[in-house]
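Participant: Need a 3D model of the sequence below.
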Amino acid sequence: MPRPAALALLCLAVAGPTLAGPKLEFRGQPPMLETLRSSASGEMVRTLRPAGTVKPGDTLVYAIHYRNVGDAASDDVSINVSIPDEVEYVAGWVEGSDAKPEVSIDRGVNYAPLEKLTETNADGSQRSLLPQDVTNLRWDLPLVVQPGQEGQVVYRARVRQPRQYDISKPSFRQALAATSTAGR
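Facilitator: This next block holds a predicted model:
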């Protein structure tokens, strides 16, 4: 599926969260480069370090932190993330919330579980969509965020082919939008 080749990669910048209701803060953290290595005992050890220059196949871990800084509870919290064109979503690996994200393949217009999405080919046949087709993620948190309560959602993305990217450049962005409504 073709995507614009804008240099809007990885350096996790929060792009104007939209909030309604209690005072929720949303903060994206710079992506971390994940590496796996075998320990002396043969176990796989996962390490995370700040990502600098990345290459195709590298796995990045993105975290979005939320906190209710208001004095009222918030429910209907939704966190929407635009995945940079230069990476692809790694399906099945999210953490930090009981909510499994829904995905979009049309830049956030429509969302559904990945396994329910199909595309019609030129010959009329259907194909199941793949993680690399995903353009956006959305978490609808199944909880009320009380005053002072905080948490985070985390996902993985893999750097696409064919070249290296320097994610320290300010033009490399991931968009984040989040909403909530006043609750109890």
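
Participant: Let me see the ranges of the strands in this protein.
Facilitator: Taking DSSP state E as the test, the strands found in the chain are 24-28, 32-38, 44-50, 53-54, 59-68, 74-82, 87-95, 102-104, 118-120, 126-128, 136-140, 150-159, 165-166, 176-182.

Participant: From H65, how far out is Q146?
Facilitator: Separation of Q146 from H65 (Cβ to Cβ, to the nearest Å): 16 Å. The C-beta positions use only the backbone N, C-alpha and C, and glycine is treated the same way.

Participant: One more: D106?
Facilitator: Taken as Cβ to Cβ, the span from D106 to H65 is 27 Å.

Participant: who has more neighbours, the two?
Facilitator: Ranked by neighbour count (other Cβ atoms under 10 Å), D106 and H65 place H65 first, with 15 against 12.

Participant: circling back to that earlier point, nearest to Y111 among the strands of the chain would be which one?
Facilitator: Nearest of those to Y111, taken as Cβ to Cβ: strand 102-104 at 4.1 Å.

Participant: list the helices and strands that closest one packs on?
Facilitator: The contact analysis (3 or more Cβ pairs under 8 Å, 6 or more residues apart in numbering; DSSP states H and E) places strand 102-104 against strand 136-140.

Participant: got the angle between the strand it packs on and strand 87-95?
Facilitator: When axes from the mean of the first three to the mean of the last three Cα atoms, to 10 degrees is applied, the directions of strand 136-140 and strand 87-95 differ by 20 degrees.

Participant: what's strand 136-140 in contact with?
Facilitator: 76-83, 89, 97, 99, 101-104, 107-108, 111, 153, 155 (Cβ atoms under 8 Å, 6 or more residues apart in numbering).
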